[in-house]
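1. Could you look at this predicted model? Sequence included:
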Amino acid sequence: MEMQPGQMAYDRASTVFSPDGRLFQVEYALQAIQMGGTAVAVTYDTGIVFVAYRNLPVSSLAEASSIEKSFAIDSGLGCVTAGLIADSRVLVEFLRVEAQRHRIAYSESAPFAMLGHSLGTLLQQFTQFGGTRPFAVSLLLGGFTNGRPGLVELDPSGATIGWRAYAIGRNRRAVADYLEEKIGEHRDEAAAFELALQAVAEGSPSPFPPEALDVASLAPASERRRLTPADIAKRAQGMPFIGTPERKTSGR
Amino acid sequence: MEMQPGQMAYDRASTVFSPDGRLFQVEYALQAIQMGGTAVAVTYDTGIVFVAYRNLPVSSLAEASSIEKSFAIDSGLGCVTAGLIADSRVLVEFLRVEAQRHRIAYSESAPFAMLGHSLGTLLQQFTQFGGTRPFAVSLLLGGFTNGRPGLVELDPSGATIGWRAYAIGRNRRAVADYLEEKIGEHRDEAAAFELALQAVAEGSPSPFPPEALDVASLAPASERRRLTPADIAKRAQGMPFIGTPERKTSGR
Amino acid sequence: MEMQPGQMAYDRASTVFSPDGRLFQVEYALQAIQMGGTAVAVTYDTGIVFVAYRNLPVSSLAEASSIEKSFAIDSGLGCVTAGLIADSRVLVEFLRVEAQRHRIAYSESAPFAMLGHSLGTLLQQFTQFGGTRPFAVSLLLGGFTNGRPGLVELDPSGATIGWRAYAIGRNRRAVADYLEEKIGEHRDEAAAFELALQAVAEGSPSPFPPEALDVASLAPASERRRLTPADIAKRAQGMPFIGTPERKTSGR
Amino acid sequence: MEMQPGQMAYDRASTVFSPDGRLFQVEYALQAIQMGGTAVAVTYDTGIVFVAYRNLPVSSLAEASSIEKSFAIDSGLGCVTAGLIADSRVLVEFLRVEAQRHRIAYSESAPFAMLGHSLGTLLQQFTQFGGTRPFAVSLLLGGFTNGRPGLVELDPSGATIGWRAYAIGRNRRAVADYLEEKIGEHRDEAAAFELALQAVAEGSPSPFPPEALDVASLAPASERRRLTPADIAKRAQGMPFIGTPERKTSGR
Amino acid sequence: MEMQPGQMAYDRASTVFSPDGRLFQVEYALQAIQMGGTAVAVTYDTGIVFVAYRNLPVSSLAEASSIEKSFAIDSGLGCVTAGLIADSRVLVEFLRVEAQRHRIAYSESAPFAMLGHSLGTLLQQFTQFGGTRPFAVSLLLGGFTNGRPGLVELDPSGATIGWRAYAIGRNRRAVADYLEEKIGEHRDEAAAFELALQAVAEGSPSPFPPEALDVASLAPASERRRLTPADIAKRAQGMPFIGTPERKTSGR
Amino acid sequence: MEMQPGQMAYDRASTVFSPDGRLFQVEYALQAIQMGGTAVAVTYDTGIVFVAYRNLPVSSLAEASSIEKSFAIDSGLGCVTAGLIADSRVLVEFLRVEAQRHRIAYSESAPFAMLGHSLGTLLQQFTQFGGTRPFAVSLLLGGFTNGRPGLVELDPSGATIGWRAYAIGRNRRAVADYLEEKIGEHRDEAAAFELALQAVAEGSPSPFPPEALDVASLAPASERRRLTPADIAKRAQGMPFIGTPERKTSGR
Amino acid sequence: MEMQPGQMAYDRASTVFSPDGRLFQVEYALQAIQMGGTAVAVTYDTGIVFVAYRNLPVSSLAEASSIEKSFAIDSGLGCVTAGLIADSRVLVEFLRVEAQRHRIAYSESAPFAMLGHSLGTLLQQFTQFGGTRPFAVSLLLGGFTNGRPGLVELDPSGATIGWRAYAIGRNRRAVADYLEEKIGEHRDEAAAFELALQAVAEGSPSPFPPEALDVASLAPASERRRLTPADIAKRAQGMPFIGTPERKTSGR
């Protein structure tokens, strides 16, 4: 991110606008998100596919499955995140509690758009009140309206936008362009998986092993289903980016 | 916004006046609003028309309808906003709660001017107490007094002004001049739609597809009615600014 | 306002005295008030006249009546303000609540001088405690003691002074000189109106339309009465400053 | 007030000692008091006289009596102040409430020295805790012990000193010297009035009209009695400093 | 106090250690105490003598007795202070309340050493928590253990040391040396008075009138007894430092 | 840690992102951890081994066992830490209370991954809210899922990663590489002990006495078992790094 | 303490890590402790000896016994401190209250190691939360486990280490080396006293009178016993460092 003259005078707190009306701390939080792995969500006829590249420690000692990028929120509700791991955990926990609160009050799943707005309001507060920093997380929240899948994207500013398919994290723009170019009018589950896998590969250093991906699918009124490395390997069969990366020295 | 010598000494907090009595953080918030899309509200004999240009992501993957610029507040009460999406959400939520509070206490719709004053008081507090920043939102709140439509404009300072028709957001001044020049003494609904659509086009990069507009109308004692892209296309038939923009690379 | 060497070291907070015992933030708030329109209050035998120049947006689309400068507080109590619109609203609301509190406790109108002291104490707190800024409002509060009219002026410091007639806002000093020169020992209502109108014209860019003025009168034990533009036009008949201003480009 | 090298490093908050143990903000508050009018209190055999020069606005439109410098606290308790008007109001209100609290608890007037200590403790807190500024007020509190009059002086530091007669505000030192030189062992009421009037004149720009003075007397177990301008004129008859000042342009 | 290079970087708050482990604000508070008058306490066989030089205003109008330096705390408990008058008042009030609390709980006088520790803990808090400054007071608290007199010294750091006789305030070190040199193994009351008076004279500008001294004595199980100027004159008969100081211009 | 230009502008608080999205205070806390001793945890078929190098004071007067690096949390739950001793104590206490809370609510041991997430959320708060610093601790928390051992690593950011074996503290990267190279598919307890001991030696200055190591093992549903120096000596028999270090001058 | 380049940027608050992970305010607090007197604790077969050098004011007027360095906490629990007197008082009071709390809850003496951990947690909080400074105290807390004596050292960071014998305060390192060199496997009380006295003398300016030492011994289940100067003189008989120091000018 290139600095402009005078920028440093306004970029220490999210409670200060720059003369041209920017909130630099929110923009810097977006930079933090760019450093994490790419994550993609793609809707199809009757469901949603979440695929995220895990910034795996190089070491084979790591339990890849412990690095979660996609999360179940409630029946028919799930999300994928990019950005700081610990910040994501806080937001996912918020979503889960809100979803349960709705379920208890109304005996139904929370509408995903309403959940997105609640989370957006939480995120907004961290851009307006002093003594804190914005959350460095982007998040694609998926759910269903009358069985029709939908996605809401949240970023550190608390803004929300709906998408049919979108990308967050590293190389977000290039991956989103790829998605837009390759997506057709309709997709079945297989096409969605293939598209999502290829899009993530587009934004990530390759080749990588199946364990480097956190892949999950969501169907109406059921729990998010996370794929095992074996499942992923099967889905990715023949895709050139799945392989064994060259060995580097350990480190994060 | 051109900086004056010494300005930087007084522009870090809304709790500091400059020697000439200005609150720079409030002015910078107005700058943030200028970066968003143009929004217009026009009253006519028996109703109000709200038209806003959505700063659509270029990508066709976006659900245009998810980017809301006009909002229902209560029966016979609605608004259109310009500025930060997440800030707008907070203010709209405030208006909705205040409106319900009034309805429960007095069994009637809240007078729109009274609602505007309540919101103005909220906005003012964010210009006088430390540890926060002003809201970067301008808002045109519409409602009815004995069936006669009216508009109240709110800006980050918390000031309120009434209008027959007005513009906020990008190119606000030019668009308002256009409105003033073209508006007649009386308008029916069709004329109000046409005027509002053309005014927004005046302030926006064109051509743009119908989905780029968030259009709604408000009538006394009924919910704000949002138009579908098809409705918008019909209303805008023959208007030269409706079309397909040139393709740019994705990004926001 | 001319800056003195070293002034910038002491002018960022109302909780800091300069070496010569000044509170610069309070003085800067007075500067903010000078940027608003002139307002005048003139007592006469049995009542008070309030006249204020509205800083009307040039646009004819504005509802002039929405820009209030004079306010009813309670029966036999009213005020006129100069300075930030949103700050004024907060103070007027405070006066109204205090007046009702007194009425409920003592079954009588609050004495206007007592109300003035309560408001002065509120204003003072914003000059002594950190984390806020002073209110950028001057205010002339009028009321009656045994049927005899009186005025109390309040400024951002919280100081109170009583006047028979006085001016606040733009060109306050020149307008007050004009008032002092032209005022006689006694005035009837007509003379008070004429004096007040001419004094405001003295401090304002002219010519201006009747709508540019917020004019009201107050009599004992009755609500403040606001004049319609037609009433104002009648009162101002023949006064040279009432007319149509030259058209400028829209803006505030 | 002459600045010493390094002074600016320690003079922004009352919670910071300079290396030589000074609290500059308290000293600056004393400077603010010097800018106000001179006030004097003189005890005599059976009572106390308070005389203060009002910094009257030049304009004849002002109600001189609205600028109070001497205040009744309770039966047999009164004071005169110099410094910021709004700060004085807060302290006088404190004294009145404390006096009533004592009266309710013990069914007697509060001893003036005890009241002075309570006020001193309030003032001290504003010199030790952050986020505020000291009060810019000096105050001479008068009362009686077994019918014998006494005075306590309070300044922004919260220190208290007892006096037989003393001066605060503009030219305090010269006026106090004058008092010391002219005061005899015993005075009756007439002598006390004459001494106090002449001392205030000593410290003030003259000539000035009787209205420029706030004059009051206090006797044991009775309310402070404020003199009317006519009374003052009678008392000051023949004193050369009472007259009509030259006309200057309005302003404060 | 001579400044060392770099000192200014660490001397603005009592919550910051300098690299060599000093708390400069506490040291600066000691400087403030040095500016006040000298105070001395001397124990003798069966009692304690307190003598303090009052920084009397030069003016003869002052009630010397109003400037208290020695204070009764409870039966058999008393103290003398040096430093800021208003700070002293707060500490004395604390001691009195603590003493009464102990008396109510245990039906006995509070042990003076225990009281001293309570006060020390209060003082310590003002050297460790932000947003305040240390108290600028040194204090010699006297009391009895089985009829044997004792003294505890408190300074702004909250440290406590016991003494048979000691000095605080101006020229503290020289006066303490004088005390150490002249004090014998045992003293009766007369010797203690003489020693204390001469020690204070040692640290003060002389000659001075008897009123310039605040002298008191404390005996077991009885109130501190304050001497009248006549008593002091008698005690000081023939001492060369008692006399009439040369007249200077008034001022503090 | 090499500093980049401009870094100092953003590295004073954990509530400030740098322009490239880094939280420097969190990174500096990691540096503090690097200064402590190496700690290693290795899972094997049915248990976990924890080995940590104690930064023993050179002095033989120290009770080596008082420097704890591995801690029992609950039955079947234990951890090893690297970083500031006092910070570690706070986190271990948190884990113990959370574990008991779970046990009381659900009558079972808390799942170690869930405990890790709770601790991660605590750590995250210290990276987002002002007025504090992050914890300077890394921690390997071990536990069992259906008898199968697992490890969760926590660092100052609050991120969590699962491992089969891992290293924290000094030379973390080199030691982790060593572990990865030497670890086989399966280990019994003896192999795990040997691997862990050799890995720690890899990262530590050697030779060192058995007392320099804090060694513990954890089995399902039983308390963490800490080895005595004699046990350690037996386990380490023949390992070249166990010995008597050269004598240096005392100090820490 | 030698300053490194850039150190000043990170050393104003305990809530800021330096780039190499240091907390300078904690290190500066250690410097403050080095300025106080040496203190030593030595365990022997059945007890503990505490010896501390008092930084006596030179003046013979001081009550040496009022400067406490060793403190009774509870039966079988005691400590010796080095550092700021007032800070020590706060920590000792904390230990006493904690010990009583344990006694009331469990009807037994608190284990000294557990007490040490509680105190360590208190100390840690003052290194992590803003608006305060660390405590400038090191402390050796002694107690018994099944009749076997033990010591825990606490420093400003809140870290705890166990010792058989150790030194804090001035020249801590040299004195600890001396202890290590001279201590045998087992000591009886006489040997422990001799060792402790000689170690303190090692770190202190000598010769000094017996009153300069605060000496106490602790046995299981009994109060800490403080030695009188006569006892100390007897114990130190023939030791060359006990004598009369040369007279210097008074001062602290």
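-> All right, it came through fine.
2. Now do the SS call for the residue nearest to residue A:64 when sequence neighbours are not counted.
-> Excluding the flanking residues, the one nearest residue A:64 by Cβ to Cβ, 6 or more residues apart in numbering or on different chains is residue A:211, at 3.9 Å. Heads up, the C-betas are built off the backbone N, CA and C, glycines and all. Of the three states, residue A:211 takes helix under DSSP: H, G, I helix; E, B strand; the rest coil.
3. And for residue A:191?
-> The three-state assignment at residue A:191 reads helix, by three-state DSSP.
4. Could you check how far it is from chain F?
-> For residue A:191, the distance to chain F (Cβ to the nearest Cβ, to the nearest Å) stands at 33 Å.
5. Skipping its backbone neighbours, what lies nearest that residue in space?
-> residue A:44 is the one closest to residue A:191 (Cβ to Cβ, 6+ apart), at 6.8 Å.
6. Please name the bridge partners of that neighbour.
-> residue A:47 (DSSP bridges).
7. Same check on residue A:129?
-> Counting by DSSP bridges, the residues bridging with residue A:129 are residue B:132.
8. Look at it and report its pLDDT.
-> We have a pLDDT of 94 for residue A:129.
9. Does it touch residue A:15 like I think?
-> Yes. If you go by Cβ atoms under 8 Å, residue A:129 and residue A:15 touch, sitting 6.9 Å apart.
10. Where do the strands of the stretch 51-200 of chain A begin and end?
-> Secondary structure of the stretch 51-200 of chain A (DSSP state E, counting those that start in this stretch): strands at A:62-63, A:70-74, A:77-83, A:137-145, A:148-154, A:160-163, A:165-168.
11. Quick check: which of these is nearest to residue C:198?
-> Of all the strands of the stretch 51-200 of chain A, it is strand A:160-163 that lies closest to residue C:198, at 56.3 Å by Cβ to Cβ.
12. neighbours around the residue of the stretch 51-200 of chain A found nearest chain G, how many?
-> When distances are taken as Cβ to the nearest Cβ, the stretch 51-200 of chain A reaches nearest to chain G at residue A:131, 10.2 Å away. By other Cβ atoms under 10 Å in any protein chain shown, 14 other residues sit near residue A:131.
13. Is chain F within reach of stretch A:49-63?
-> Yes. Stretch A:49-63 lies within reach of chain F by Cβ under 8 Å from any Cβ of the partner chain, at A:57, A:59-63.
14. Oops, could you answer that again for stretch A:34-43 instead?
-> Yes. Stretch A:34-43 is in contact with chain F by Cβ under 8 Å from any Cβ, via A:34-35.
15. gap between the nearest residue to residue A:196 once chain neighbours are set aside and chain F?
-> Nearest in space to residue A:196, with sequence neighbours left out and distances taken as Cβ to Cβ, 6+ apart, is residue A:51 at 4.1 Å. Distance, residue A:51 to chain F, using Cβ to the nearest Cβ: 20 Å.
16. I'd say residue A:51 and residue A:195 touch.
-> No. Using Cβ under 8 Å, residue A:51 makes no contact with residue A:195, being 9.2 Å away.
17. so what's in contact with the two at the same time?
-> residue A:42 (Cβ atoms under 8 Å, 6 or more residues apart in numbering or on different chains).
18. and the two? which has more neighbours close in?
-> residue A:51 (31 against 22).
19. contacting residues around the residue nearest to the residue of the stretch 51-200 of chain A closest to chain G when sequence neighbours are not counted?
-> Leaving out its chain neighbours, the residue that sits closest to residue A:131 by Cβ to Cβ, 6+ apart is residue F:130, at 3.9 Å. By Cβ under 8 Å, 6+ apart, the residues touching residue F:130 are A:130-132, F:13-15, G:130.
20. ok so, going back, do you know the pLDDT at the residue nearest to residue A:196?
-> With respect to pLDDT, residue A:51 scores 97.
21. ok, it to chain C distance?
-> 48 Å.
22. do residue A:134 as well
-> Residue A:134 is 22 Å from chain C, by Cβ to the nearest Cβ.
23. Surely that residue touches residue A:25?
-> Yes. Residue A:134 is within contact range of residue A:25, at 5.9 Å (criterion: Cβ under 8 Å).
24. shared neighbours of the two, anything?
-> A:14, A:127, F:17.
25. So what sits opposite the residue nearest to residue A:196 in the bridge?
-> residue A:40, residue A:215.
26. Out of the residues of stretch A:49-63 next to chain F, which end up buried?
-> Buried members of the residues of stretch A:49-63 next to chain F, scored by 16 or more other Cβ atoms under 10 Å in any protein chain shown, are A:57, A:59, A:61-62.
27. got the residues you listed as a markdown table, with distance to residue G:120 columns?
-> Shown next, in a markdown table, are these (distance: Cβ to Cβ, whole Å):
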| residue | distance to residue G:120 |
| --- | --- |
| A:57 | 33 |
| A:59 | 34 |
| A:61 | 33 |
| A:62 | 34 |
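28. excluding its backbone neighbours, what's nearest residue A:43?
-> Residue A:43 sits nearest to residue A:149 (Cβ to Cβ, 6+ apart), 4.1 Å away.
29. rewinding a little: verify the contact between the residue nearest to residue A:191 and residue A:185 for me.
-> No. Counting by Cβ under 8 Å, residue A:44 stays clear of residue A:185, with 11.2 Å between them.
30. Quick check on these two: which one has the bigger neighbour count.
-> residue A:44 (22 against 4).
31. Could you check how far the more buried one is from residue A:165?
-> Between residue A:44 and residue A:165 the computed distance is 9 Å (Cβ to Cβ, to the nearest Å).
32. Flag the shaky bits of the stretch 101-250 of chain A, pLDDT-wise.
-> A:245-250 (pLDDT under 70).
33. ok, how many other residues are close to residue A:244?
-> By other Cβ under 10 Å, neighbour count at residue A:244 equals 8.
34. try residue A:154
-> 28.
35. Name the nearest residue to it, sequence neighbours excluded.
-> residue A:139 (4.6 Å).
36. so that neighbour makes contact with residue A:78?
-> No. The criterion here is Cβ under 8 Å, and residue A:139 misses it with residue A:78 at 10.8 Å.
37. Nearest residue to the middle of chain A?
-> Nearest to the mean C-alpha position of chain A, counting by Cα atoms, centre = their mean, stands residue A:81 at 2.8 Å.
38. returning to that earlier point: got phi/psi on the residue of the stretch 51-200 of chain A closest to chain G?
-> phi 80, psi 10 (degrees, to the nearest 10).
39. Determine how far stretch A:170-184 lies from the middle of the whole chain.
-> How far stretch A:170-184 lies from its chain's middle: 14 Å, per Cα atoms, centre = their mean, to the nearest Å.
40. Spit out the residues that contact residue A:129 and residue A:15 alike.
-> B:131-132.
41. When the two are compared, which one has more neighbours?
-> For residue A:129 versus residue A:15, neighbours defined as other Cβ under 10 Å are more numerous around residue A:15 (23 against 14).
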